[in-house]
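Output the structure for:
(one chain, ligands or ions: 1)
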Amino acid sequence: MKVLVMGAGVVGVTTAWYLAESGHEVVVLDRQTGPAMETSFANGGQVSPCHAEPWANPNTPAKALQWLGREDAPLIFRLNRWDPALWAWGLRFLRNCTPERAKRNLERTLRIALYSRECLKALRARTGISYDQKSLGILHVYRDPQTFQQACKISALMSQLGLERQIKTPAEAITLEPALQNVGDQLAGAIFTPGDESGDAHLFTRQLAQFCQSKDVSFQFQTRIHGLDYEKGRLLGVATNRGRFRADIFVMALGSFSPHLARHLGLRLPIYPAKGYSATLNVGPTDLAPTVSITDDEHKMVYSRLGNRLRCAGTAELAGWNEHLVESRANALVNRAKALFPRGGNFTEAELWAGLRPVTPDSVPILGKTKIDNLFLNTGHGTLGWTMSCGSGRVLADLISGRPTDIGMDGLGLERF
Ligand SMILES: Cc1cc2nc3c(=O)[nH]c(=O)nc-3n(C[C@H](O)[C@H](O)[C@H](O)COP(=O)(O)OP(=O)(O)OC[C@H]3O[C@@H](n4cnc5c(N)ncnc54)[C@H](O)[C@@H]3O)c2cc1C
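Residues are numbered from 1 along each chain as shown. Sure, this is the predicted structure:
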């Protein structure tokens, strides 16, 4: 069958790969000049099922109120901002903050994230793909004893659901990652997930696109989709600045921009962009940068060593479809990184970047069929799109090929909204 994938981010390209492996003829369209040029460009680099706890959980509303008005808060939003899409999304988000829903959403995210991590390992073994990856686990560090205790409870639940995790004392955390020595006396404890990984999502996506091309996948870049041709419950083709493209099956993997095109078909996707920032610094031979990927819970920041670079990423700003890089926020991120790893690398020449996470109100991506017979969704991966990309691409290819999926698909589709 001829399958057209809309979007060449990490999610679109992994989907194209598994479709090509399943024997389909695949075309990928993207408005950029190459793969992974938008949100998949400079993310935190973590392949982290350990972050499956949804943003919407019982602790978030109180924390969000404390953060209101603080420009350096990990989550930035303004109550006086009139944006109907944000308010509609926000109400759904609040409904997901009950203990029962948070637990249900954690299980759904962890289901796809753990599966995805295995798919990534298998893909690596099959192709030999290389993307500055490290399989050294992720160390989550906590300064506040109460937050650490809460995290241990959530992590016990994740452990029941299949995620291997180890509780560490501050001294053990420093033994595991000596670059933390500067903050050793501030730590309350740490949680280590040895099976988690890190790597450069942009490099991975570019390399995988090349493997796709060797399987005759056609990539059409600088191709902006502006319309969808639809008749009698079926999609016929997509309209672009470079003419119309037809196919038998279509997959929408447009990240934060999926709702805009889906609306043409009467599909309402509850995805809102959460802008985040990253800084990437060069690490010299005498620097002391972490090699184990780190999550700093207090500042909601992540650190990944990518070859001789250190990627520092964080913040979430709910301010619409606007990728503008606000220097003061990016600099705040650099300062936090410097406080944690004073000898972490060349901070003065850090490369700054901002991107839009496609976030759903329950933090679970939207995967699978729609009411349009031949349109499938692979979108809304929020904070964990790199982590969940291979598993999401694989299940989409299985669904399209009419094969049973390796994991249950209940609760992952659009019908849950
Ligand atoms: C600061 C930050 C840190 C992050 N850290 C991590 C992390 O450590 N681990 C993790 O798992 N995830 C992380 N994420 C999340 C992850 O990066 C995203 O979930 C993921 O990149 C989403 O991939 P995607 O392919 O869905 O979207 P994108 O990468 O945005 O791809 C969508 C593609 O669609 C194209 N497109 C859009 N509209 C059109 C159109 N009309 N016509 C043609 N093409 C179009 C775009 O050009 C783009 O290439 C982070 C995100 C941010 C912002």
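
Next SSE downstream of the helix or strand of the chain with the lowest mean pLDDT?
Scoring the helices and strands of the chain by mean pLDDT, DSSP states H and E places strand 75-76 at the bottom, with a mean of 78. As assigned by DSSP states H and E, the chain's next helix or strand after strand 75-76 is helix 84-95.

and that following helix, what other elements does it pack with?
strand 272-282 (3 or more C-beta pairs under 8 Å, 6 or more residues apart in numbering; DSSP states H and E). The C-beta positions use only the backbone N, C-alpha and C, and glycine is treated the same way.

Got the domain ranges for the chain?
Listed by automatic domain parsing, the domain ranges of the chain are 2-40+203-268+364-416, 50-100+133-197+272-359.

Please identify the deepest-packed of these.
domain 2-40+203-268+364-416 (a mean of 21; mean count of other C-beta atoms under 10 Å).

Figure out how far it is from the centre of its chain.
16 Å (C-alpha atoms, centre = their mean, to the nearest Å).

That domain: end-to-end distance?
28 Å (C-alpha to C-alpha, to the nearest Å).

One more: stretch 132-149?
33 Å.

Going forward, count from 591.
Okay, using 591 as the starting number, the last item reads as stretch 722-739.

That stretch near the ligand anywhere?
No: in terms of C-beta under 6 Å from any ligand atom, no part of stretch 722-739 sits within range of the ligand; the closest distance is 9.4 Å.

pLDDT on that stretch, on average?
Averaging pLDDT along stretch 722-739 yields 97.

how far out from the middle of the chain is that stretch?
How far stretch 722-739 lies from its chain's middle: 18 Å, per C-alpha atoms, centre = their mean.

ok, now stretch 788-808?
17 Å.

any idea which element residue 805 lies in?
Using DSSP H and E, no helix or strand contains residue 805.

where along the stretch 641-790 of the chain do the strands fall?
With DSSP state E, counting those that start in this stretch as the criterion, the stretch 641-790 of the chain has strands at 665-666, 728-732, 756-758, 779-783, 787-788.

between the second one and strand 779-783, how big is the angle?
For strand 728-732 and strand 779-783, the angle between their directions (axes from the mean of the first three to the mean of the last three C-alpha atoms, to 10 degrees) works out to 160 degrees.

Strand partners (parallel or antiparallel) of strand 728-732?
strand 779-783 (antiparallel), strand 883-886 (parallel) (DSSP bridges).

how about those in CSV, adding distance to residue 635 and mean pLDDT?
Converted to CSV, these look like this (distance: least, C-beta to C-beta, whole Å; pLDDT from 0 to 100):
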stretch, distance to residue 635, mean pLDDT
strand 779-783, 15, 97
strand 883-886, 7, 98
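
out of those strands, nearest to residue 861?
Closest to residue 861 of those is strand 883-886 (C-beta to C-beta; 24.0 Å).

Specify the next element, helix or strand, located C-terminal of that closest one.
Next along from strand 883-886, by DSSP H and E: strand 891-896.

on that earlier part again, pipe the strands of the stretch 641-790 of the chain into JSON lines and attach distance to residue 987 per row.
Formatted as JSON lines, the strands of the stretch 641-790 of the chain follow (distance: least, C-beta to C-beta, whole Å):
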{"stretch": "strand 665-666", "distance to residue 987": "35"}
{"stretch": "strand 728-732", "distance to residue 987": "28"}
{"stretch": "strand 756-758", "distance to residue 987": "34"}
{"stretch": "strand 779-783", "distance to residue 987": "27"}
{"stretch": "strand 787-788", "distance to residue 987": "22"}
